[in-house]
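Undergrad: Sequence and predicted structure, then a few things I'm wondering about:
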Amino acid sequence: MATQHYTHTEDYVKNFYEKIGITKPQELNFQTIAEQLGIYVFYWSDASQALFTGNKGFILLNESLTSQQQWQEFCHELAHVLFHAGNQSKIPPSFREYQEAKANTFMSHAAIPTFMLDRLSIYDFDFMTVYEVQKLFNVEYEFALERLQHYLTQHKLYAKLEYPNRFSKE
C-alpha cells in the first residue's frame, strides 16, 4: 500500500476532526463542531462572517443560504476563527487576500476531508461520482467537483507516479 502524503492543511483537518470525535462524513455538522469548540453560530440576513470578542469566536451565517452553502461558509469562517485575528478592514489588502485564500483552502479540506475521501473508492470525477460526494458531504455540486479534481490530481496522480503499475488495467 502506498504511503499517504498529506499536506499540512490535510493533516491539521484530520487531527482536528479526530480530536472532536468526527471520523465519518455523516458526522460533519457545523452545530456539533461549533459546540465542541465553544463557537457561537448565529443566522442573519447579511453576508456570512466571523467575529471575535475577547477570547470568544462567533460565526454569523447568512440565513437565506442553502444548507450546503451554509456548511461551506461555516468551514470558511471557521478558518478565520481558528487561524486569524483582528479586523480585516484594518489590514492591508494583500494580507486580507492572503487570509481569504488560506480560508478557502481550509474550507475545501474541512468540508470534504482528504482522510475521508481516502476511504472511498474514487478514481474519477464523472457526474455520478461528484453527485455521490456532493450528497455524502452536503456540499454544492460545483464545490464537490472542484474538490475531487484537486484530490485526484494531488493524491491519485501522485500515487500513480510513485507506484506506476498500481492503476494499470493489465
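TA: Structure received. Residues are numbered from 1 along each chain as shown.
Undergrad: residues contacting Q69?
TA: Applying CB atoms under 8 Å, 6 or more residues apart in numbering, one finds that Q69 lies in contact with 62, 140. In short, each C-beta sits where N, CA and C put it, glycine included.
Undergrad: That one: which element?
TA: helix 67-83 (DSSP states H and E).
Undergrad: And the residue nearest to F42 when sequence neighbours are not counted, how far from M128?
TA: Spatial nearest neighbour of F42, excluding adjacent residues (CB to CB, 6 or more residues apart in numbering): L60 at 5.2 Å. For L60, the distance to M128 (CB to CB, to the nearest Å) stands at 36 Å.
Undergrad: Just list the residues touching the most centrally placed residue in the chain, thanks.
TA: Centroid check for the chain by CA atoms, centre = their mean gives A110 as the closest residue, at 2.4 Å. The contact partners of A110, by CB under 8 Å, 6+ apart, come to 13, 75, 78-79.
Undergrad: which of those count as buried?
TA: Buried members of the contacts of A110, scored by 16 or more other CB atoms under 10 Å, are 13, 75, 78-79.
Undergrad: quick check, nearest of these to N55?
TA: N55 lies nearest to L78 out of the buried ones among the contacts of A110, by CB to CB, at 16.0 Å.
Undergrad: And for the closest one, nearest residue in space, chain neighbours not counted?
TA: Using CB to CB, 6+ apart, the closest residue to L78 is A110 (6.4 Å).
Undergrad: where exactly do the helices run in the protein?
TA: Counting by DSSP state H, the segments of the chain that form helices are 8-19, 30-37, 67-83, 93-111, 114-117, 127-137, 141-151, 157-162.
Undergrad: okay if I get these as a markdown table plus distance to W44 and mean pLDDT?
TA: Output for those, formatted as a markdown table (distance: least, CB to CB, whole Å; pLDDT from 0 to 100):
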| stretch | distance to W44 | mean pLDDT |
| --- | --- | --- |
| helix 8-19 | 26 | 96 |
| helix 30-37 | 15 | 96 |
| helix 67-83 | 12 | 96 |
| helix 93-111 | 19 | 88 |
| helix 114-117 | 30 | 96 |
| helix 127-137 | 25 | 97 |
| helix 141-151 | 22 | 97 |
| helix 157-162 | 42 | 52 |
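Undergrad: okay, those in JSON lines with distance to T53 next?
TA: JSON lines is the format used below for the helices of the chain (distance: least, CB to CB, whole Å):
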{"stretch": "helix 8-19", "distance to T53": "23"}
{"stretch": "helix 30-37", "distance to T53": "15"}
{"stretch": "helix 67-83", "distance to T53": "12"}
{"stretch": "helix 93-111", "distance to T53": "19"}
{"stretch": "helix 114-117", "distance to T53": "33"}
{"stretch": "helix 127-137", "distance to T53": "31"}
{"stretch": "helix 141-151", "distance to T53": "30"}
{"stretch": "helix 157-162", "distance to T53": "43"}
